[in-house]
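S.K.: Next comes the sequence, and after it the predicted model I'd like to discuss.
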Amino acid sequence: MTIAYDSAIGAGTLRAKDIQMAATADLARRTLLISGAIDVNSHDIVVTFELPEAGRWQVIKSESNLTDLPWLTWQMTCDEHTRFVADQEAQIVSRQFAQTFMTPDQDRITFYDGEVRPGEAVLKMFTIEAARKRTVISHARFVPPPAEVPGTGPQQPQKPTQPVKQRLAEQIRHSVENGMPPRPAIELVIPVTLISG
């Protein structure tokens, strides 16, 4: 069942309840594991989940790329009650991306300098500080135009040309520094299973 919303998250938001994404929370270790898949590039993905408790949580998150195009950046933006943590104890890493950028107000992280190819899963680890249990994080991906992806058409070379590389590098730099503009969104409510003991 899909319902259109005109909420603060953004006009044109869709709520989907049939896309598989789930989470497990370890209260003793304050760790949240989230896994799932994304099969669209035309929409942002807005995930909502209920933490067992407010406070600081380490998040390990993985999504499979079920689209036909690579993701060249991964951007996450928190709601107004949540912030990403950037102290010495917090690890902000991704297996696919070599670099990260966090805004000074700590409400947006962008992973870049890498790619997630179709069929691969992106793996990220970061820490959040949540003022309340209900947490909302929006996800955006920078996806190159299909005409600029090598090998996706019979007339395209297997490797990107230098002008294409330069153009993509400039677009990525701009999206990292300024953030990606919001697009229509698919909103997912993620069930959280609590591990105790």
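M.R.: Sure, I can see it.

S.K.: And what about residue 166, helix, strand or coil?
M.R.: Look at residue 166: counting by DSSP: H, G, I helix; E, B strand; the rest coil, its state is helix.

S.K.: Likewise for residue 169?
M.R.: Following three-state DSSP, we place residue 169 in the helix state.

S.K.: And the residue nearest the centre of this structure?
M.R.: Most central in the chain under C-alpha atoms, centre = their mean is residue 139, positioned 3.7 Å from the mean C-alpha point.

S.K.: Give me the pLDDT for that one.
M.R.: Residue 139 carries a pLDDT score of 96 in this model.

S.K.: Assumed it was part of a helix.
M.R.: No - counting by three-state DSSP, one finds residue 139 to be strand, located in no helix.

S.K.: can you tell me how far the closest residue to it other than its chain neighbours sits from residue 39?
M.R.: What sits nearest to residue 139 in space, not counting adjacent residues and going by C-beta to C-beta, 6 or more residues apart in numbering, is residue 45, at 4.4 Å. Where C-beta positions appear, they are placed from N, C-alpha and C, glycine not excepted. Separation of residue 45 from residue 39 (C-beta to C-beta, to the nearest Å) stands at 10 Å.

S.K.: More neighbours: those two, which one.
M.R.: Counted by other C-beta atoms under 10 Å, residue 45 and residue 39 do not tie: residue 45 has more neighbours, with 21 against 11.

S.K.: Now do the buried residues in the host helix or strand of that one.
M.R.: Assigned by DSSP states H and E, residue 45 belongs to strand 44-50. Within strand 44-50, the residues scored as buried using 16 or more other C-beta atoms under 10 Å are 44, 45, 46, 47, 49.

S.K.: Pipe the residues you listed into a markdown table and attach distance to residue 176 and pLDDT per row.
M.R.: Formatted as a markdown table, those follow (distance: C-beta to C-beta, whole Å; pLDDT from 0 to 100):
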| residue | distance to residue 176 | pLDDT |
| --- | --- | --- |
| 44 | 16 | 96 |
| 45 | 19 | 95 |
| 46 | 20 | 95 |
| 47 | 21 | 95 |
| 49 | 26 | 96 |
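
S.K.: Now flag whichever of those residues is closest to residue 163.
M.R.: residue 44 (28.7 Å; C-beta to C-beta).

S.K.: list the contacts for the closest one?
M.R.: 10, 138, 139, 140, 182, 183, 184, 185, 186 (C-beta atoms under 8 Å, 6 or more residues apart in numbering).

S.K.: mind checking the SS state of residue 80?
M.R.: coil.

S.K.: For residue 87, give its distance to residue 127.
M.R.: Where residue 127 is concerned, residue 87 sits at a distance of 8 Å (C-beta to C-beta).
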